[in-house]
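>>> everything below, folded, please.
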Amino acid sequence: MPSHDHHQHHRPDTEDPAKQVKNTLEELSASLDVDNAVQEMADITPTPEQQIKILIDRIGASCDIKKEQRQAHYEAFGKLFSGDRRGISWEVTALEKALDDFADPEIIEDMKLDIPNIVDIFVMELVKTLH
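Below is the predicted model of the structure:
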C-alpha cells in the first residue's frame with residue numbers, strides 16, 4: 001500500500017467539519033490506524049451543535065461496517081473524548097447528547113429494521129469503549 005501524505009487534502013478552513021470527520025473515518029476503515037485518525041479529528045474544530053450532528057451521523061454509519069472497522073471508529077471516538085490531547089474542541093457533553101438522541105427509541109426502532117442487532121452493537125461496543 002503506497003504511503004501518501006495525509007495532509008495534502010487537509011484544509012480545515014475550507015472544509016465542512018462533517019465531511020472532514022467522514023473522510024477521516026473512511027480512511028480509518030481502510031487503515032485501522034486509530035491514533036492517526038484521532039490526531040486528524042483533533043484538528044477538526046466543529047461547533048458543539050455540529051459535533052452532536054456529526055456524532056449521531058457517524059455512529060449511525062458505523063453500524064453498517066465490519067466489526068473491526070466499527071471498533072476502530074469507536075476507539076477513535078473514545079480517545080478523542082478522553083482528553084488525552086489537550087486544547088481539544090470536542091466536548092464530552094456533545095457526545096453525551098448524541099448518545100441520548102441516538103438512544104431515542106424511535107431512532108433505534110428504525111435502525112433495527114436495517115440492522116437487527118443494532119442495540120447490541122450500540123450498547124455493548126460503544127458504551128464499553130467509552131467507559
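>>> contacts, neighbours, all on C-alpha from now
Fine.
>>> name the helix or strand of the chain that has the lowest mean pLDDT.
Every helix and strand of the chain was ranked by mean pLDDT, DSSP states H and E. The lowest is helix 128-130, at a mean of 72.
>>> so where's this structure shaky on pLDDT?
In the predicted model of the chain, residues 1-14, 83-88, 131 satisfy pLDDT under 70.
>>> strands along that one, start to end?
Assigned by DSSP state E, the chain shows no strands.
>>> circling back to that earlier point, the least confident helix or strand of the chain packs against which elements?
helix 67-81 (3 or more Cα pairs under 8 Å, 6 or more residues apart in numbering; DSSP states H and E).
>>> point out the other helices and strands that the helix it packs on packs with.
Packing partners of helix 67-81 (3+ Cα pairs under 8 Å, 6+ apart): helix 17-31, helix 34-42, helix 48-62, helix 128-130.
>>> got the angle between the third one and helix 67-81?
Just to be clear, that refers to helix 48-62. Per axes from the mean of the first three to the mean of the last three Cα atoms, to 10 degrees, the angle that helix 48-62 makes with helix 67-81 is 160 degrees.
>>> who are the packing partners of helix 48-62?
Counting by 3+ Cα pairs under 8 Å, 6+ apart, helix 48-62 packs on helix 17-31, helix 67-81, helix 92-102.
>>> residues contacting that helix, please?
17-18, 21-22, 69-70, 73, 90-91, 94-95, 97-99, 101-102 (Cα atoms under 8 Å, 6 or more residues apart in numbering).
>>> could you dump the helices and strands packed on helix 67-81 to TSV with mean neighbour count?
Converted to TSV, those look like this (neighbours: other Cα atoms under 10 Å):
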stretch	mean neighbour count
helix 17-31	18
helix 34-42	20
helix 48-62	18
helix 128-130	14
